[in-house]
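Peer 1: Just a sequence and a predicted model for now, questions to come.
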Amino acid sequence: MKIDNEMVDKLAVLAKLEFNNEAKDGIKDDLNRMLDFVDKLNELDTTGVEPLIYMSDETNVMRTDEAKIDITHDEALKNAPDKDSDYIRVHKVIDNG
């Protein structure tokens, strides 16, 4: 597969980009070099090589979930710049207008 000006134009529309003719030629050359590089993989003999599904043999290594309280309610309110009896008060950030 070779990249031509029509393909570059189509990719530019999809990517919402605009190119002049000089830049288009450079992009076309770069894309063709990338495709040639990837096409070299077809030259490799992969007979007997199983597809790689996972990068490691470990699957779903998770720790047990333990509920614990690291900070108390009073400690959380201690350094709050503005608070009432139970909550940290913040400035309004959403305008319903």
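Peer 2: That came through fine.

Peer 1: Where does pLDDT dip in this structure?
Peer 2: Counting by pLDDT under 70, the chain contains low-confidence residues at 97.

Peer 1: Could you check how far residue 75 is from residue 65?
Peer 2: 23 Å (C-beta to C-beta, to the nearest Å). Just so you know, the C-beta spots here come from the backbone N, C-alpha and C atoms, and that holds for glycine as well.

Peer 1: Same drill for these two, tell me which one is more crowded.
Peer 2: More crowded of residue 75 and residue 65, by other C-beta atoms under 10 Å: residue 75, with 10 against 5.

Peer 1: ok, now which ones touch that one?
Peer 2: Listed by C-beta atoms under 8 Å, 6 or more residues apart in numbering, residue 75 has no contact partners.

Peer 1: Determine how far whichever strand or helix holds it lies from the middle of the whole chain.
Peer 2: Using DSSP states H and E, residue 75 sits within helix 73-78. How far helix 73-78 lies from its chain's middle: 36 Å, per C-alpha atoms, centre = their mean, to the nearest Å.

Peer 1: before we move on, what about stretch 61-74?
Peer 2: The answer for stretch 61-74 is 29 Å, by C-alpha atoms, centre = their mean.
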